[in-house]
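A.B. asks: What would the 3D arrangement of this be:
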Amino acid sequence: MVPPLVAQLLHVELLTPKPEETYWFFHDLLGMEETTRHGPSVYLRAYEDTYHHTLVITEAPTAGLGHIAWRAPSPEGLQAAVERLAESGYGCGWSEGDVGHGPAYRFTTPEGHPMEILWEVEYYQAPPEKRTALRNRPQRRPLRGVPVRRIDHVNLLASSIPPMRRFFQEVLGFRLREQKIGEGGVEVGAWLSVSPLVHEVAVMRDATGQPGRFHHLAYWYGYPQHLLDIADIFSDYGVRIEAGPGKHGTTQAYFLYVFEPGGTRIELFGDTGYLIFDPEWKTVVWDVANESDLEKSSIWFGGRLPDTFYTYGVPSRTWEPAPVGR
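C.D. replies: Sure, this is the predicted structure:
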């Protein structure tokens, strides 16, 4: 078993054709904080995110995934990850870094989702007017909208699950926490993590058969009540809710799915769901060819997921060529 070479989900870049409206969604409704702007991009963080940013909004002709960044567990862990990624054939080379972090090694998943892994990060330092007496919180809770607390996970769409699942397990050391098997024994979903969370990344089969699309980015509230509060605001301000609030069987978490104005699906997690501390954890397998597992794994209670949940995704940007050495 490969030791985890990833410590946590660091940030996600979303492409949007409506940058002002997308900014309004994250800043005014979800209460996220702007840390800086650079070129066509705005950098934001939730109020309990400890680093410079966890979200980058970049203006682009169409909605899409810019990239996903992971933090390595140590400088030595980063080097080990780079070596394994290079051996896998999915390494794309080093970048000099970006606002808020140092050099990053770029790679893709087997279906082309652009990602990077790095170690050097800039920690957020609150200005005096945003400091809080709560020493384990980076800043005061904002007074806008219903503020999210931290980044939680990403969900990828794929034309075939096994190569994607094996990539995360065998190259980066993720653990397979839950799995869905469909008609004929075909694998249709995998939930993987490197921490007690059930997933930092999930991979679901794309019902359209397209490779490399992005399903959603999730931010965490920690209080299920906040899903009702923000759903009320979304309805009042014309933001499209796709599903929820409800509770998933997989992960046991309370959820709400919504589309930010640029067109990317965002999930809001109402709580943590269950946590995994067992080092001998046995993967939970749902047989979704079975009607009960199909229904209960997706929705423990709440309204059914619409067809768009299985067919809609946004494309991924292709990494520009980068030097392979460092």
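A.B. asks: When you work out contacts or count neighbours from here on, use the C-alpha atoms and nothing else.
C.D. replies: OK.
A.B. asks: Find the least confident helix or strand in this structure, judged by mean pLDDT.
C.D. replies: helix 291-298 (a mean of 87; mean pLDDT, DSSP states H and E).
A.B. asks: Give the buried residues for that one.
C.D. replies: Judged by neighbour count (16 or more other CA atoms under 10 Å), helix 291-298 contains these buried residues: 293-298.
A.B. asks: Pick the one among those residues closest to residue 98.
C.D. replies: residue 298 (37.2 Å; CA to CA).
A.B. asks: Please name the residues that touch the closest one.
C.D. replies: 248-250, 305 (CA atoms under 8 Å, 6 or more residues apart in numbering).
A.B. asks: Recalculate using a threshold of 6 Å.
C.D. replies: Residue 298 makes contact with 248-249, according to CA atoms under 6 Å, 6 or more residues apart in numbering.
A.B. asks: sorry, back to before: after the least confident helix or strand of the chain comes which helix or strand?
C.D. replies: helix 308-311 (DSSP states H and E).
A.B. asks: Not counting its own residues, what contacts that following helix?
C.D. replies: Outside helix 308-311, the residues that reach it (CA under 6 Å, 6+ apart) are 207-208.
A.B. asks: cool, stretch 172-186 as well?
C.D. replies: 2-5, 168, 187-194, 198, 283-289.
A.B. asks: hmm, 8 Å instead?
C.D. replies: 1-6, 81, 84, 168-169, 187-194, 198-199, 250, 281-289.
A.B. asks: Show me the strands in the stretch 51-200 of the chain, by range?
C.D. replies: For the stretch 51-200 of the chain, applying DSSP state E, counting those that start in this stretch gives strands covering 55-59, 64-71, 91-95, 104-108, 114-118, 150-158, 175-181, 187-193.
A.B. asks: hmm, back to that, which ones among the contacts of stretch 172-186 map onto helices?
C.D. replies: Secondary structure from DSSP state H places 81, 84 of these in helices.
A.B. asks: Which among the contacts of stretch 172-186 count as buried?
C.D. replies: 4-6, 81, 84, 168-169, 187-194, 198-199, 250, 285-288.
A.B. asks: returning to that earlier point: turn the strands of the stretch 51-200 of the chain into a markdown table, including distance to residue 24 and mean pLDDT.
C.D. replies: Converted to a markdown table, those look like this (distance: least, CA to CA, whole Å; pLDDT from 0 to 100):
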| stretch | distance to residue 24 | mean pLDDT |
| --- | --- | --- |
| strand 55-59 | 11 | 98 |
| strand 64-71 | 18 | 98 |
| strand 91-95 | 30 | 95 |
| strand 104-108 | 29 | 97 |
| strand 114-118 | 26 | 98 |
| strand 150-158 | 18 | 98 |
| strand 175-181 | 35 | 97 |
| strand 187-193 | 31 | 97 |
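A.B. asks: Can you say which of those strands is nearest to residue 212?
C.D. replies: strand 150-158 (5.6 Å).
A.B. asks: model confidence over stretch 204-211, on average?
C.D. replies: For stretch 204-211, mean pLDDT is 96.
A.B. asks: Quick one: low-confidence residue ranges for this structure.
C.D. replies: 321-326 (pLDDT under 70).
A.B. asks: any idea which residue of it is furthest from its center?
C.D. replies: residue 128 (30.7 Å; CA atoms, centre = their mean).
A.B. asks: So what's the residue count around the residue nearest to residue 63 when sequence neighbours are not counted?
C.D. replies: Residue nearest to residue 63 in three dimensions, not counting chain neighbours: residue 16, with 4.5 Å by CA to CA, 6 or more residues apart in numbering. Look at residue 16: counted by other CA atoms under 10 Å, it has 25 neighbours.
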